[in-house]
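S.K.: Below are the sequence and a predicted model for it; my questions follow.
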Amino acid sequence: MKSAVILFPGSNREGDVARAIAGICGTKPNIVWHADSELPPGTDLVVLPGGFSYGDYLRCGAIAARAGIMPAVHAHAAKGGLVLGICNGFQILCESGLLPGVLVRNARLRFICREALLRVERIDTPFTRRYAKNAIVRFPVAHGEGNYTADAETLRRLEGDGRVIFRYVTASGQRDDEQVLNGAANSIAGIASEKLNVLGLMPHPENHVDPLLGSTDGRPLFESLASVLERA
Amino acid sequence: MKARVLVTLKSAVLDPQGKAIEGALRSLGVPGVASVRQGKVFDVELESADKDKAEATLKDACEKLLANTVIESYRIEFVG
Amino acid sequence: MKARVLVTLKSAVLDPQGKAIEGALRSLGVPGVASVRQGKVFDVELESADKDKAEATLKDACEKLLANTVIESYRIEFVG
Amino acid sequence: MIPNEPKITPELVAEHGLKPDEYERILKLIGREPSFTELGIFSAMWNEHCSYKSSRLHLRGLPTKAPWVIQGPGENAGVIDIGDGLAAVFKMESHNHPSYIEPYQGAGTGVGGILRDVFTMGARPIAALNALRFGDPTHPRTRHLVGGVVAGIGGYGNSFGVPTVGGLVGFHTRYDGNCLVNAMAVGLAEADKIFYAKATGVGLPVVYLGSKTGRDGIHGATMASAEFGEGAEEKRPTVQVGDPFAEKLLLEACLEIMAAGCVVAIQDMGAAGLTCSAVEMGAKGDLGIELNLDNVPCREAGMSAYEMMLSESQERMLMVIAPGKEEQAEAIFRKWGLDFAIVGHTTDTLRFVVKHKGEVVADLPIKELGDEAPLYDRPWTETPRQQRIDPASLSISATVPGALERLIGSPDFASKRWIWEQYDHLILNNTVQRPGGDAAVVRVEDGPRALALTTDVTPRYCEADPFEGGKQAVAECWRNITAVGARPLALTDNLNFGNPEKPEIMGQLVGCIRGIAEAARALDFPVVSGNVSLYNETFGRAILPTPTIGGVGVLTDVEKMATLAFKDSGETILVIGATTGWLGQSAFLYEILNREDGAPPPVDLALERKHGDFVRALIDEGLVTAVHDVSDGGLLVALAEMAMASGIGATLIGPPAGMNPHAFWFGEDQARYVVTTASAKSAILKRAEAAGIPIAKLGSTGGDRLNLPGERPIIVDALRERHEAWLPIYMGAGRM
Ligand SMILES: Nc1ncnc2c1ncn2[C@@H]1O[C@H](COP(=O)(O)OP(=O)(O)O)[C@@H](O)[C@H]1O
Ligand SMILES: [Mg+2]
């Protein structure tokens, strides 16, 4: 499996995700500079990591979405290639139009770093096939702008097409749109593209892959990718 | 040439910052504020003195970067 | 009554956002932008129709909350 | 020869914070009247913040050496060997005054400054901590300051990408007019690849890197050494805006050019920017420096030499580049989108020469600028001793459970989750022990080694008895590191005090430093870096003396780390160390009886060491399941914290016959730890007795409440609710 982690100025979780991929999938990802115009030949998976690309100035992800490498990421996605955007990466995917909607400031206007409970809404995607059906998992979040927002029509379409892949839930496994930690519409934590090959999510599976650090709930996500891309 | 670009949230979009400011003003004892909505303003210095050209440039800047038209609308004003 | 409050960084104060936007516009090929400074705009709806009273309220709001006069200056405009 | 505009008048000298006799000293040193730019340079170099003129004499008494110390005080940060060829690089620094004026930017740039100190030495920051002191919660400014400071620390650290893993937060009316923001950063480097400020080689290029220079914070360093009063408003424009994005780029670019072998010497531009950094690089290397300001990248038009020399614009560095490496260094900086300019060169003249627009605007002896800075042996008076409080003399109406509930929900003891959840404490994937424990534990690379980190001080103790308070701050820091199973290695300090020109304040400073020195020596816990912040006074009222101690320890196997949560029911609870019921200056006295008096608990450093070593060995051998040190709040607060962290209750044994129960449960005797063990007939008791260490059984874990003999049960969940409630409610009640 060949993966590429895009390094934007201001990215800061590229090391965390690269370490998770190397440890779980067995091969180190290529770190690709934002100003490059091509992905390394044979790239299977593109990862847009967390961080504050360009300081998250103007709007989070806005400037990175227009970086030199992004046309190549679009082309990769159009061919059905896998793209994973985590946190700032999700914001970049939305800003670049690869995913619908936008992530705005948390409803309580504060940055929040905490463990969140999520329900895996479907397991027939390349990112979630190693999770149990309806699994409830614990991933940390660390963001100031993770409040997923889209118009009613977009939300309807996302729900109708089953493109909400991760949803924030309460301890009892219920969705609670009123109390959701960042105010996200429909308690959305992660969504996929129509063909399910592009996933964006706010929480950080890459920070929960080691029992020493409290949980390994993030591992199946990377194991799913590894199993899908095994041939490569 | 100087211009100002105003980027504001579309009216259907919730503005938690504006709401928080409303609440804070109330608790600070500033009366008579019915509602607040927060937006961004960009003070732009342009090289050209040609207004039409400048307007085209700014429109381009807004569409490409300054506004996210999913939730925001923009307005261009000339100051001087 | 509607008013608009513009809060901008004082000119000597560093504006990292504006700087980042300048750079981004340049690399997006939007030509002719010499400089950008980013500020905030508050669209405020006031209960009173009395302009003087409204102005006093807004001044109070700016001093107490909307602007940090250490680094920002503000301007009040009436729209309608 | 040197242009002199404006004219130097006594008023101008005074505005620069220089006393008349200090100005005389300048005249004598250079044999002529200084130029305006030179006056600015002297004011920057000779103010309290840069010259340590009031504290230097006393700081010399601090122990700074140990076999594992690679670099003690005197560089941007201290460096210690942590094994496996690796070094920890760390320091703490205050940003008190700017944070009071503009909390978000003030605190943020404080974090930025200390991160820069660490990566200037070639280390990648792996953790940040802080120590915050605010005024009384009812003071009208407190809430605004808490909100702004916390958002500012988070805003900078989160974006930069360093986990903020620990700290402390306290409230007291004596900080009403001066909050304290002490930021600590810890970095990791290869032990043989540390970079220093000392320049070597004549004729080498001096290079300016990072962001452009603006009129930010001109005289920020002078402000940081001035007392607040009526004029504070006017000093406002000196606040700087931080750009964590630029700092992140600067970090990556610096580490990259260091790895490429381009760097001979490096110094960040912190307080008094270009002046301090250039003088330091030259003076340390016994070289002169010549700067040409025409090449300094400026953000604003028309900046004068004076302004450029004193600007405190953030996110900038000065370096001496290795011969022939300019192009390679420049290419790396350009790649990261940062400014790179050759602004001068090293000379063999030992002069600090500054040129601007073809004119020499300053020409000063470089060594004397630092070495000849005033050094004061300020008069000081000893703080009067207070009586030991006899618990029998107190009239106490609160029940023990009632007092616990009030304490646990009080501002100082309430959970600080609302704060640390605004800090990204998980990034880099090494935070093994998160905020909320005795010390944060951060794994080093892929393990098994880890660092234990904490910040501590009990200002009430320091006020009552500076010497004992100084000792206690070090001891508590050492104890917290021990309680997670780590070996304490070295500390950094941040000495926050009032106006040193007052003998009683100077007495606090002297007493605390002596206490710190004594404890650091006894515990083999040397001081490797630090910072002094004086003049923390408003309208003549000083803060409580607050010598914050930041400690670093090492755990050779992170799997052995201890945590404070009870692990299971049916375990035996033991207290190690003697409980005499010391209530003087206790939290109980302060919160429940509204008194701040009595002698603080004395610290017996020999016992401290003996008990700590004992506990560390128990942890290492896996004999204990939970460990918590006992500090302010006493035994019952420690037990409650262990219960709340686990949801498991305990049935407790009461005080020995004749001891006042409040004194037993809330007394603050030092050198104590609470531990739990799975086996009822534990070998621990025998071992302690054999070693002559006081140990007592406190009860056993289990159930969902704390049961005290003869008292109503305390439900753990309800206690936790109280504990978690105070801060969010307090912060929710006002401005954003
Ligand atoms: N209280 C203290 N204890 C020990 N070392 C100190 C103390 N105060 C300052 N130092 C040391 O003195 C030097 C200068 O400190 P400082 O001016 O704060 O550095 P910087 O200019 O990098 O901010 C540093 O090496 C610092 O570690
Ligand atoms: Mg420094």
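M.R.: Okay, I see it. Ligands and ions are numbered 1, 2, ... in the order given.
S.K.: So which residue is dead centre in chain D?
M.R.: In chain D, the centroid-proximal residue (C-alpha atoms, centre = their mean) is residue D:92; its distance is 3.8 Å.
S.K.: quick one: what helix or strand has that one in it?
M.R.: Assessed by DSSP states H and E, residue D:92 sits inside strand D:86-94.
S.K.: wait, what's in contact with the residue in chain A that ligand 2 sits nearest to?
M.R.: Nearest to ligand 2 in chain A, going by C-beta to the ion, is residue A:12, at a distance of 22.6 Å. C-beta coordinates here come from the backbone N, C-alpha and C atoms, glycine included. For residue A:12, the contact set (C-beta atoms under 8 Å, 6 or more residues apart in numbering or on different chains) comprises A:49, A:50, A:51, A:52, D:159, D:160, D:161, D:248, D:427.
S.K.: now do 6 Å
M.R.: Each residue near residue A:12 by C-beta atoms under 6 Å, 6 or more residues apart in numbering or on different chains is listed here: A:51, D:161.
S.K.: for residue D:206, same thing?
M.R.: D:320, D:343, D:344, D:345 are the contacts of residue D:206 under C-beta under 6 Å, 6+ apart.
S.K.: Not counting sequence-adjacent ones, nearest residue to residue D:538?
M.R.: residue D:177 (2.8 Å; C-beta to C-beta, 6 or more residues apart in numbering or on different chains).
S.K.: And the pLDDT for that neighbour?
M.R.: Note for residue D:177: predicted pLDDT of 95.
S.K.: ditto for residue D:588
M.R.: 98.
S.K.: in chain B, which spans are helices?
M.R.: B:16-27, B:51-61 (DSSP state H).
S.K.: do you know which of those helices lies nearest residue D:408?
M.R.: helix B:16-27 (27.6 Å; C-beta to C-beta).
S.K.: Let me see the contact set for residue A:42.
M.R.: Applying C-beta under 6 Å, 6+ apart, we find residue A:42 in contact with residue A:2.
S.K.: Checking my notes, it in a helix, right?
M.R.: No: counting by DSSP: H, G, I helix; E, B strand; the rest coil, one finds residue A:42 to be coil, located in no helix.
S.K.: ok, it to chain D distance?
M.R.: 26 Å (C-beta to the nearest C-beta, to the nearest Å).
S.K.: hang on, the earlier thing: and the helices of chain B, which one is worst for confidence?
M.R.: Lowest mean pLDDT within the helices of chain B: helix B:16-27, a mean of 89.
S.K.: one step back: hmm, residue D:536 and the residue nearest to residue D:538 touching each other?
M.R.: No: Residue D:177 lies out of contact with residue D:536 (C-beta atoms under 6 Å); the separation is 8.8 Å.
S.K.: who's more crowded, these two?
M.R.: Between residue D:177 and residue D:536, residue D:536 has the larger neighbour count (other C-beta atoms under 10 Å in any protein chain shown), namely 30 against 22.
S.K.: phi, psi of residue 74?
M.R.: Going with chain A. According to degrees, to the nearest 10, the main-chain angles of residue A:74 amount to phi -60, psi -50.
S.K.: okay, now it: neighbour count?
M.R.: Applying other C-beta under 10 Å, we find 15 residues neighbouring residue A:74.
S.K.: pLDDT weak spots in chain D?
M.R.: D:1-4, D:219-238, D:680-681, D:733-736 (pLDDT under 70).
S.K.: if you skip the residues just before and after it, what's nearest to residue D:417?
M.R.: Going by C-beta to C-beta, 6+ apart, residue D:417 has residue D:724 as its nearest residue, at 6.4 Å.
S.K.: Could you export the host helix or strand of that neighbour as PDB, CA atoms only?
M.R.: Using DSSP H and E, residue D:724 maps to helix D:716-732. As requested, the backbone C-alpha atoms of helix D:716-732 are provided in PDB (Å, rounded to 0.1, in the frame of the first residue of the first chain):
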ATOM      1  CA  VAL D 716     -18.300  10.200  45.200                       C
ATOM      2  CA  ASP D 717     -20.400  11.100  42.200                       C
ATOM      3  CA  ALA D 718     -22.000  14.000  43.900                       C
ATOM      4  CA  LEU D 719     -18.600  15.200  45.000                       C
ATOM      5  CA  ARG D 720     -17.300  15.000  41.500                       C
ATOM      6  CA  GLU D 721     -20.300  17.000  40.300                       C
ATOM      7  CA  ARG D 722     -19.400  19.700  42.700                       C
ATOM      8  CA  HIS D 723     -15.700  19.500  41.700                       C
ATOM      9  CA  GLU D 724     -16.500  19.800  38.000                       C
ATOM     10  CA  ALA D 725     -19.100  22.500  38.400                       C
ATOM     11  CA  TRP D 726     -17.400  25.600  39.700                       C
ATOM     12  CA  LEU D 727     -15.300  26.700  36.800                       C
ATOM     13  CA  PRO D 728     -17.800  26.200  33.900                       C
ATOM     14  CA  ILE D 729     -20.500  27.900  35.900                       C
ATOM     15  CA  TYR D 730     -18.100  30.800  36.800                       C
ATOM     16  CA  MET D 731     -17.000  31.200  33.200                       C
ATOM     17  CA  GLY D 732     -20.400  30.800  31.700                       C
END
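S.K.: Name the SS class of residue D:294, please.
M.R.: Recorded secondary structure, residue D:294: helix (three-state DSSP).
S.K.: can you check residue D:441 too?
M.R.: strand.
S.K.: residues touching it, list them.
M.R.: Counting by C-beta under 6 Å, 6+ apart, residue D:441 has contacts D:432, D:433, D:450, D:452, D:484, D:561.
S.K.: 7 Å - rerun?
M.R.: The contact partners of residue D:441, by C-beta atoms under 7 Å, 6 or more residues apart in numbering or on different chains, come to D:432, D:433, D:450, D:452, D:484, D:555, D:558, D:561.
S.K.: measure the residue of chain A closest to ligand 2 to residue C:17 for me?
M.R.: Note on residue A:12: its distance to residue C:17, by C-beta to C-beta, to the nearest Å, is 18 Å.
S.K.: May I see the buried residues of whichever strand or helix holds residue D:257?
M.R.: Here residue D:257 sits within helix D:244-259, counting by DSSP H and E. Buried residues in helix D:244-259, counted by 16 or more other C-beta atoms under 10 Å in any protein chain shown: D:244-255, D:257-258.
S.K.: Buried subset of the contacts of residue D:441, written for PyMOL?
M.R.: This is the PyMOL syntax for the buried subset of those, where burial follows 16+ other C-beta under 10 Å:
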select buried, chain D and resi 432+433+450+452+484+555+558+561
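S.K.: which ones among the contacts of residue D:441 come in contact with chain A?
M.R.: Among the contacts of residue D:441, the residues that sit close to chain A (C-beta under 7 Å from any C-beta of the partner chain) are D:432, D:558.
S.K.: of all the contacts of residue D:441, which comes closest to residue D:188?
M.R.: The nearest one, if we look at those relative to residue D:188 and count by C-beta to C-beta, is residue D:450, at 11.4 Å.
S.K.: The closest one touches residue D:442, doesn't it?
M.R.: Yes: applying C-beta atoms under 7 Å as the test, residue D:450 and residue D:442 come out as touching, 6.2 Å apart.
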